[in-house]
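1. Everything below, folded, please.
(chains A and B)
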Amino acid sequence: MLELKKIVEGLLFVSEVPLDAAKIHAALEGESTPARIAEALKALREEYASGDRAFDVREVAGGYQFRTRPELSLYALRLHKKSPARLSRAALETLAVIAYRQPVLRAEIEKIRGVDAGGVLRNLLEKSLVRVSGRQDKLPGRPILYSTTARFLETFDLPSLAALPTVEEMDKLLPPPKIDANKLF
Amino acid sequence: MPSDGDLQLKLDIYEGPLDLLLHLIKKNEVSLSDLPISLITAQYLESLEILRELNLDVAGDFLVMAATLTQIKSKMLAPGFQAEGEETEDPRDEIVGPLMEYLTIQEAALSLGERFLLGRDVFTRGNREDFEAAPAEETVRASLWDLVEAWRALASRAPAAALELKFNLETQTIGQRIEAIRAFLTVAQSAPFREVVVAGDAGPNVALSFLAVLELARVGFLRLYQDVETESEGPRVFLADPAARASLEHDYR
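-> Numbers count the residues shown, from 1 in each chain, chains lettered A, B, ... in the order given. Down below sits the predicted model:
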């Protein structure tokens, strides 16, 4: 039988979407165990990360996927004759609210940003970055709840929602408050 | 404002009252933990006034915030407040809380945007990224407030008569200004905002030019950007993609 690592590498190459260990296991039809597959994936990731390669094995949206290294972006864009994918500030802020507060109501998003969220939400739904995840039954009219999608994790290079920086980590990024405004009163 | 020849503009303003407040707070480099409410309220109301002068549709949310700010300001001036400071509730909490929350979300959005984005920084095999394309120039998108700042700077330089929004039969129409700017930009491709507004013999019609630029931005003929490197020069105006221009058949004359 082929070396397991080689099979896993081939399957990752063939797959168009991030491939999780369960799918690899299924493709092997009992020829291996989840533990050995996990081991092979780890070995592959290390091999690509340490080698002088153009792409890595990245863990995204609960699976694994070949992705080019960022320094290649210019050439990849030229090949596709495309401008870099871009999300507006409004879209990023709305995504941030949904990512951290999900499932979340449109009214909650609007309260935090102080503006209507209808257009931005529609846009994010169209791009499959956001989905309708249910309804708030306790409120009149049973308003819609929004959550992020697997596509969101893929787009932002995140293994899972747990990989989002925590709010405490974010607080450290904020500049320290200045104390100089007293005299203005 | 004259009733006929009055131009109605509607812009996609995602930025709301909280965004305007944060803009002012950052601009004045003041602290959220001890917000100079008089200063911020005055500048907030001034910004609304400018928007209204430009005949932009100032949404109700902006007015609600104006009322809130004014109320907080009067509470702070009322005798008793700050006398026994520790016990009384700070009236500013009403807006500082939401502002902090929004600031946190802005930071979160920023850190999301800095990740290795699929279709921008990293790529998979094949090509299934389908986001809105952005121009390749090394620029960042300017906000409405940058535009308002640009107008303020313009207003301080131009003679008062040039800024008056009067529609006399002798002077040009907004349609003529639009055509002049279109012609100018088709040749120039891109130019600083302050040059665009005086393009093609604007004469005393700088205010009309400003509205013309906004209208052309709205229909997708041009884009407004603030270049990081040359911030002091104010926003730059770029011609939109050829595809976007081709779809613009409207004749303003």
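
2. From what I see, residue B:199 and residue B:180 are in contact.
-> Yes: counting by CB atoms under 8 Å, residue B:180 is a contact partner of residue B:199 at 5.8 Å. Heads up, the C-betas are built off the backbone N, CA and C, glycines and all.

3. From chain B, how far out is residue A:42?
-> 20 Å (CB to the nearest CB, to the nearest Å).

4. hey, what's residue B:190 bridged with?
-> Residues in a beta bridge with residue B:190, per DSSP bridges, are residue B:238.

5. Would you confirm that it contacts residue B:235?
-> No: taking contacts as CB under 8 Å, residue B:190 lies outside contact range of residue B:235: 11.0 Å.

6. who has more neighbours, the two?
-> Each of residue B:190 and residue B:235 has its neighbours counted (other CB atoms under 10 Å in any protein chain shown); residue B:235 has more, 24 against 17.

7. for the residue lying closest to the more buried one once chain neighbours are set aside, what are its contacts?
-> Distances taken as CB to CB, 6 or more residues apart in numbering or on different chains place residue B:193 nearest to residue B:235, at 4.4 Å, with adjacent residues excluded. For residue B:193, the contacting residues are B:150, B:213, B:224, B:234, B:235, B:236, B:237, by CB atoms under 8 Å, 6 or more residues apart in numbering or on different chains.

8. and residue B:193, what pLDDT?
-> We have a pLDDT of 82 for residue B:193.

9. ok, which stretches of the stretch 151-253 of chain B are helices?
-> B:160-163, B:174-188, B:193-196, B:206-218, B:242-246 (DSSP state H, counting those that start in this stretch).

10. actually chain A, not the one I wrote
-> With DSSP state H as the criterion, chain A has helices at A:4-14, A:21-28, A:34-50, A:73-80, A:89-101, A:106-113, A:118-126, A:150-155, A:167-173.

11. quick one on the thing from earlier: highest average neighbour count across the helices of the stretch 151-253 of chain B?
-> helix B:206-218 (a mean of 22; mean count of other CB atoms under 10 Å in any protein chain shown).

12. Check which helices and strands that one is in contact with.
-> helix B:144-157, helix B:160-163, helix B:174-188, helix B:193-196, strand B:222-227 (3 or more CB pairs under 8 Å, 6 or more residues apart in numbering or on different chains; DSSP states H and E).

13. let's see 7 Å
-> Packing partners of helix B:206-218 (3 or more CB pairs under 7 Å, 6 or more residues apart in numbering or on different chains; DSSP states H and E): helix B:160-163, helix B:174-188, strand B:222-227.

14. okay, and for the stretch 1-150 of chain B, where does confidence drop off?
-> The stretch 1-150 of chain B contains residues with pLDDT under 70 at B:1-14, B:55-57, B:80-88, B:127-144.

15. now the helices: where do they sit in it?
-> Using DSSP H, counting those that start in this stretch, the helices assigned to the stretch 1-150 of chain B run over residues B:17-28, B:37-53, B:60-77, B:93-113, B:144-157.

16. export the ones you listed to a markdown table and tack on mean neighbour count?
-> Below are the helices of the stretch 1-150 of chain B laid out as a markdown table (neighbours: other CB atoms under 10 Å in any protein chain shown):
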| stretch | mean neighbour count |
| --- | --- |
| helix B:17-28 | 19 |
| helix B:37-53 | 17 |
| helix B:60-77 | 15 |
| helix B:93-113 | 18 |
| helix B:144-157 | 17 |
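
17. Now tabulate the helices and strands packed on helix B:206-218 in JSON lines and tack on mean pLDDT and distance to residue A:28.
-> Output for the helices and strands packed on helix B:206-218, formatted as JSON lines (pLDDT from 0 to 100; distance: least, CB to CB, whole Å):
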{"stretch": "helix B:160-163", "mean pLDDT": "64", "distance to residue A:28": "75"}
{"stretch": "helix B:174-188", "mean pLDDT": "83", "distance to residue A:28": "61"}
{"stretch": "strand B:222-227", "mean pLDDT": "78", "distance to residue A:28": "52"}
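
18. Centre-most residue in chain A?
-> residue A:153 (1.6 Å; CA atoms, centre = their mean).

19. thinking again about what came up before, any chance of CSV for the helices of the stretch 151-253 of chain B, columns distance to residue B:19?
-> Output for these, formatted as CSV (distance: least, CB to CB, whole Å):
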stretch, distance to residue B:19
helix B:160-163, 26
helix B:174-188, 28
helix B:193-196, 21
helix B:206-218, 19
helix B:242-246, 26
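
20. Indicate which one of the ones you listed is closest to residue B:62.
-> helix B:206-218 (17.8 Å; CB to CB).

21. Quick one: mean pLDDT for the closest one?
-> On average, helix B:206-218 scores 83.

22. try stretch A:117-133
-> Across stretch A:117-133, pLDDT averages out at 94.

23. which regions of chain A sit below the pLDDT cut-off?
-> A:1, A:167-185.

24. before we move on, back to that, take the contacts of residue B:193 and lay them out in a markdown table including distance to residue A:35.
-> What follows is the contacts of residue B:193, written out as a markdown table (distance: CB to CB, whole Å):
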| residue | distance to residue A:35 |
| --- | --- |
| B:150 | 62 |
| B:213 | 64 |
| B:224 | 57 |
| B:234 | 62 |
| B:235 | 58 |
| B:236 | 58 |
| B:237 | 61 |
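
25. between those, which is nearest residue B:207?
-> For these, the nearest to residue B:207 is residue B:213 (10.9 Å; CB to CB).
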